[in-house]
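Q: for reference, the sequence and a predicted model appear below.
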Amino acid sequence: MTDASMENPGTGRRATSLTASDERTLKRAKAEKRFRLYGIIAIATGLFFLVVLFASILKEGIPAFTRTVVSVEFTLTEPQRAEAESTLFKTKAYSDLFITELNGKLAESGISVDFDEAAIERLLGKVGGTIRTFYSENPDQVGEPINFELAASSRVDGYFKGRVSRDTLQDSRFLQLSDLDLVDALTEAGVIKQVFNWPFITGADSGVDNPGGAGIGASVVGSFFMMLVVLALSLPIGVAASIYLEEFAPQNKFTDLIEVNISNLAAVPSIVFGILGLAVFIQFMHLPQSAPLVGGLVLTLMTLPTIIISTRASLKAVPPSIRDAALGVGASKMQAVFHHVLPLAAPGILTGTIIGLAQALGETAPLLLIGMVGFVARGYPDGFLAGFTEPNSVMPAQIYTWAARADVGFYEKAWGGIIILLMFLLTMNIIAIILRRRFERRW
Amino acid sequence: MSFVKLSASALAIAAVSATTAAARDNVQVAGSSTVLPYASIVAELFGDNTDFPTPVVESGGSSAGLKRFCEGVGENTIDVANASRAIREKEIKACAENGVTDIMEVRIGYDGIVFASQQSGPAFNAFEPADIFNALGAKVLKDGEIVDNPYNTWAEFNSDLPDVEIASFIPGTKHGTREVFEEKVLLIGCEATGAMEAMVAGGMSEDDAEDACLDVRTDGKSVDIDGDYTETLARIDTNPNGIGVFGLAFYENNTDKLKVATMSGVAPSTETISTGEYPVSRPLFFYIKKAHIGVIPGLKEYAQFFVADEIAGPSGPLANYGLVADPELAETQEAIANEVTMGSGS
């Protein structure tokens, strides 16, 4: 019947003009228009959420990059230093010395606002650690006047950033309303000012009472070492596994089983890998706790399926004619794969790898069980190898920890940390794109 | 191929570190999220003030921490467990089974548990344990009979309280805080309302009645929070009628957002808690594996530093953050110096 109707296109239809579209054509055109509209709406919704997301990240996170400091010239004498070093709570002794000196300086300068040492202490963050570190690194500076820029307390910082206002402030041992007059006077005198927050970018985590000293640098290094482990293990293993499965392995029940399992593994929740990591790497193999090496091993397990699946897809996408041509001119199967197929598949492999790494970079759950989430403030590792084994945190874990702290100052740090994390991710992606451009070959 | 080189070097690194891993040089701590802030303050200061590396402090709750603590002795286990309650007999037994026999108990101070609501919400400013029990208990006494909790608003059982829907956010069962909440509020409230008496009169054994008192209603008016206080704060933030359970330190850090309620007429503060006037407080502890002292560098020093007068004393940084200093700190210091373990006298 179809054949018959093909031969008589006119039957069952009204005669139509070529210039005026008939009803059905109009309907199809409308459907197409609608579909395009749906597409635009979908993209617009996506873009809208992206913009909202970025705007809120930037709005909440940008303040983390400035900090409020008290900038004062301070001289430490050798006897003072010796005395401070002889106490148990050395940083407190340094901090007290600084407060006394600042108190004296302010009294001399004749500031009109009333103040006492307790008020100054409330204005300052935990400054003792900074001072002690400076003098232990530069012992020759003892006795010289040094211009210190030391962190103000979290609430004073909040006063500048709008977290703390005169209306809602309730007098407490952390800050009193009268202290804000002193802050205003000191700001006018240029003693308290806002500067770019380098310590946030270079520093390590700090105790919960010291948001001004918290930095993300150490965990960036932790993330870097962890990603290095993930890359160095998952890429070769993943690529080797997929080349074997795709090019060499015989098609039988066993390889089918492996394939199904790899796909299933890609869908396993990441926390499961954490439990596995705890049992195998820490309790059985006795690898160190909280180390980027173990974190990297755990995340390698998580990343492998993603890499294998995408590598196999890109190997499949290489036309068989290339293999055939290589084999035809006498190349061995291995030569055909490594000289011809693999280079052509490289861009796809890189894309898969970067997706896997990006996923691993943002993962916190599996690290919860191997001791990387919590208070890990070792600072920078002592060397390249130590970077793998010394306890360290990673960026998402650090962000998570900050978000859970009582002091609001840390909340801002968490958002700032997200910005750094995104920048790290962006850098990784850019490197991948550059590599992909170099590998890209057309056929 | 550079892949091959990379993977070979990675494997070599893994092998090297596996052999050097035997020398952990930092103290490893895990446990209560209530103790975590104090432990992190001490850890930072310990790293700043001594030549030892900064200890690693993990969170996860008292029970989870003690469970990991009891996994065994060795460098791949934690050295110190933080707990917001005392270790249980059961846990000591589990520890002993895994070879963790000599445990040192260190009490660092006291923490108050406060009930707080949104700053701009209705006035919840005076609670009795009985009110909390009536609002949250699974079974309460009404008109002389034990019934499934029928109350929907606070005013239904106490006309002094606002006439708003009951919505409370209490710590989940894995938190040590929950135990104190049950013991010091629910149980007392249960006795005060006469519900316990009625249960016993109704044929329950004393123990069963006590357990029944601690049951919390499950109809959604009381929500268990398994996360940190920040999660409770977030819930209170979005619910003007919500009442949350917080640690004193957390409340003091967020006085601009939270309004605290008195308990039995006493407002919580470090003073009222240290005198014992404010009823809902509990001691905070950490536990040390004695077998690790001398093996893990800095472990004993960490413990001594933690309870030193300058740190855990009334004018130290911990008290400044919200810890109620322990009046018997000197005894604790001595016990650590002599490495006194649990069950060996004292």
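A: That came through, no problem.

Q: low-confidence regions, the chain specifically.
A: I went with chain A, as the question did not name one. Chain A contains residues with pLDDT under 70 at A:1-16, A:441-443.

Q: actually it's chain B I care about, not the one you picked
A: For chain B, applying pLDDT under 70 flags the ranges B:1-23, B:344-346.

Q: show me how it divides into domains.
A: Using automatic domain parsing, the domain parsing of chain B gives B:22-110+B:284-337, B:112-281.

Q: check whether the longest one contacts chain A.
A: It refers to domain B:112-281. Yes. Using Cβ under 8 Å from any Cβ of the partner chain, domain B:112-281 reaches chain A at B:227-231, B:249-250, B:252-256. Any C-beta I mention is one placed from the backbone N, CA and C, and that applies to glycine too.

Q: what do you get for the first one?
A: Yes. If you take Cβ under 8 Å from any Cβ as the test, domain B:22-110+B:284-337 does meet chain A, through B:22, B:24, B:26, B:28, B:30, B:33, B:36-37, B:39-45, B:47-49, B:53-54, B:56-60, B:71, B:74-76, B:78, B:305, B:308, B:310-311, B:316-317, B:320-321.

Q: quick check on residue 338: phi, psi?
A: Since no chain was named, I'll use chain A. A:Phe338 adopts backbone torsions of phi -80, psi -30, taken as degrees, to the nearest 10.

Q: should've been chain B
A: According to degrees, to the nearest 10, B:Asn338 has phi -90, psi 0.

Q: which of the residues of domain B:112-281 next to chain A ranks first by neighbour count?
A: Neighbour counts for those (other Cβ atoms under 10 Å in any protein chain shown) peak at B:Tyr229, which has 29 neighbours.

Q: name the single longest strand found in the chain.
A: You didn't say which chain, so I picked chain A. Ranked by residue count under DSSP state E, the longest strand found in chain A is strand A:66-75.

Q: should've been chain B
A: Ordering each strand of chain B by length in residues (DSSP E) puts strand B:103-118 first.

Q: in its sheet, what does that strand sit against?
A: strand B:242-247 (antiparallel), strand B:258-260 (antiparallel), strand B:281-289 (antiparallel), strand B:324-325 (antiparallel) (DSSP bridges).

Q: picking up where we left off before, a markdown table for the residues of domain B:112-281 next to chain A, including secondary structure?
A: Formatted as a markdown table, the residues of domain B:112-281 next to chain A follow (DSSP: H, G, I helix; E, B strand; the rest coil):
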| residue | secondary structure |
| --- | --- |
| B:Gly227 | coil |
| B:Asp228 | coil |
| B:Tyr229 | helix |
| B:Thr230 | helix |
| B:Glu231 | helix |
| B:Ala249 | helix |
| B:Phe250 | helix |
| B:Glu252 | helix |
| B:Asn253 | helix |
| B:Asn254 | coil |
| B:Thr255 | coil |
| B:Asp256 | coil |
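
Q: list the contacts for the closest residue to B:Lys290 other than its chain neighbours?
A: Leaving out its chain neighbours, the residue that sits closest to B:Lys290 by Cβ to Cβ, 6 or more residues apart in numbering or on different chains is B:Asp102, at 3.6 Å. Residues near B:Asp102 by Cβ atoms under 8 Å, 6 or more residues apart in numbering or on different chains: B:289-291, B:341.

Q: quick check: the gap between B:Asp102 and chain A.
A: 22 Å (Cβ to the nearest Cβ, to the nearest Å).

Q: now B:Ser63: how far from A:Phe160?
A: Noted for B:Ser63: a distance of 42 Å to A:Phe160, by Cβ to Cβ, to the nearest Å.

Q: next: A:Gln359.
A: Using Cβ to Cβ, we find A:Gln359 at a distance of 38 Å from A:Phe160.

Q: for the stretch 51-200 of chain A, what spans make up the strands?
A: Along the stretch 51-200 of chain A, counting by DSSP state E, counting those that start in this stretch, strands occupy A:66-75, A:145-151, A:192-196.

Q: ok, residues contacting the last one?
A: When you say that, I think you mean strand A:192-196. With Cβ under 8 Å, 6+ apart as the criterion, strand A:192-196 contacts A:65-71, A:123, A:149, A:152, A:156, A:160, A:183, A:186-187.

Q: quick one, strands of the stretch 51-200 of chain B?
A: B:56-58, B:80-83, B:103-118, B:126-127, B:139-142, B:145-148, B:167-171.

Q: rebuild the ones you listed as TSV, extending it with mean neighbour count.
A: Listed next are those as TSV, based on neighbours: other Cβ atoms under 10 Å in any protein chain shown:
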stretch	mean neighbour count
strand B:56-58	28
strand B:80-83	28
strand B:103-118	23
strand B:126-127	19
strand B:139-142	20
strand B:145-148	12
strand B:167-171	23
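
Q: quick one: closest of these to A:Ala414.
A: Among the strands of the stretch 51-200 of chain B, the nearest to A:Ala414 by Cβ to Cβ is strand B:56-58 (18.1 Å).

Q: excluding chain neighbours, what is closest to B:Val200?
A: B:Ala209 (5.0 Å).

Q: looks like that neighbour contacts B:Met199 (just checking).
A: Yes. Taking Cβ atoms under 8 Å as the definition, B:Ala209 is a contact partner of B:Met199 at 4.0 Å.

Q: scan chain A for its longest helix.
A: helix A:23-61 (DSSP state H).

Q: what is it packed up against?
A: Helices and strands touching helix A:23-61, by 3 or more Cβ pairs under 8 Å, 6 or more residues apart in numbering or on different chains; DSSP states H and E, are helix A:408-439.

Q: how far does the helix it packs on sit from its chain's centre?
A: Computed by Cα atoms, centre = their mean, to the nearest Å, the chain-centroid distance of helix A:408-439 equals 6 Å.

Q: give me the buried positions along that helix.
A: A:408-421, A:424-425, A:428, A:432, A:436, A:439 (16 or more other Cβ atoms under 10 Å in any protein chain shown).
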